[in-house]
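> From the sequence below, what's the structure:
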Amino acid sequence: MDDFLHTAATIPLGPQPVTLTCPSCGARITSRINYETSTRTHGMCMAMCAFGLWLCCFLPYLMDSCKNANHYCPNCNAYLGQYQK
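As a prediction, the model looks like this:
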């Protein structure tokens, strides 16, 4: 298990899918991304409200660029890591 955690931590991940060999199943894959809201997403919403842009404060929740990107293997559904904004 320690080998998997070490390998997963060294995979260079970004906001877009990456092509790599899955450390769990060994298949050559392009990662599947699930975007997740973060503290930054909530902070951007609060900042918009504070500046009087309350009609637009929901926009960070609709934009993937304001969320963290969780990478998964499409073959075995193993968690590969997270790209944090």
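
> and the residue positioned nearest the centre of the chain, what are its bridge partners?
By C-alpha atoms, centre = their mean, the chain has its centre lying nearest to Ala69, at 1.0 Å. Beta-bridge pairing of Ala69 under DSSP bridges involves Tyr35, Tyr83.

> Surely it touches Gly81?
No: at 9.3 Å, Ala69 and Gly81 do not qualify as touching, with contact defined as C-beta atoms under 8 Å. In short, each C-beta sits where N, CA and C put it, glycine included.

> Quickly list what's touching both of these two.
Residues touching both Ala69 and Gly81 (C-beta atoms under 8 Å, 6 or more residues apart in numbering) are Leu13.

> one step back: show me what contacts the residue nearest to the centre of the chain?
Contacts for Ala69 (C-beta under 8 Å, 6+ apart) come out as Leu13, Gly14, Pro15, Gln16, Ile33, Asn34, Tyr35, Glu36, Gln82, Tyr83.
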